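S.K.: next come a sequence and a model predicted from it.
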Amino acid sequence: MTTKIQNYLEEDVNWHQGAEANYPYKAEINGDKLVLRLNDFPDEHLYTLLVNDEKVADFDDWPKHWSKA
């Protein structure tokens, strides 16, 4: 499945607890499965966003439109 080009960092996303320590949050938007991966900060960006198992973005600051449940 190819990930649609979309700026998920600008979307309203309600994150839920993930199953693994390195993947602490998961969400779903329009059928796309989103997962956050924690990285080796500060040598790498703090987070990597994966959408349908594809790397979409690396970032450090929690987007203002996102919430944690």
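M.R.: Looks like it came in fine.

S.K.: over to residue 8: give its phi and psi.
M.R.: When read as degrees, to the nearest 10, the backbone of residue 8 gives phi -60, psi -20.

S.K.: separation between it and residue 35?
M.R.: From residue 8 over to residue 35 the distance is 11 Å, taken as C-beta to C-beta, to the nearest Å. C-betas here are computed from N, CA, C, even on glycine.

S.K.: also residue 53?
M.R.: When distances are taken as C-beta to C-beta, residue 53 and residue 35 turn out to be 8 Å apart.

S.K.: does residue 63 touch residue 10 like I think?
M.R.: Yes. Using C-beta atoms under 8 Å, residue 63 makes contact with residue 10 at a distance of 7.2 Å.

S.K.: with neighbour numbers in mind, choose between the two.
M.R.: When residue 63 is set against residue 10 and neighbours are counted by other C-beta atoms under 10 Å, the residue ahead is residue 63, at 17 against 11.

S.K.: so what's the spatially most distant residue from the centre of the chain scoring on pLDDT?
M.R.: Within the chain, residue 43 marks the point farthest from the mean C-alpha position, 18.8 Å out by C-alpha atoms, centre = their mean. At residue 43, the model reports a pLDDT of 97.

S.K.: where does pLDDT dip in this structure?
M.R.: Regions of the chain meeting the criterion pLDDT under 70 cover residues 1-5.

S.K.: quick one, what contacts residue 25?
M.R.: Contacts were defined as C-beta atoms under 8 Å, 6 or more residues apart in numbering; by that measure residue 25 touches 15-18, 35-36, 68.

S.K.: tally of neighbours for residue 36?
M.R.: The number of residues packed near residue 36 is 22, by other C-beta under 10 Å.

S.K.: just to revisit the earlier point, settle it for me: which of residue 53 and residue 35 has more neighbours?
M.R.: For the pair residue 53 and residue 35, the greater number of neighbours falls to residue 35 (20 against 9), based on other C-beta under 10 Å.

S.K.: leaving out sequence neighbours, find the closest residue to the more buried one.
M.R.: Distance criterion C-beta to C-beta, 6 or more residues apart in numbering; nearest residue to residue 35, sequence neighbours excluded, is residue 50 at 4.6 Å.
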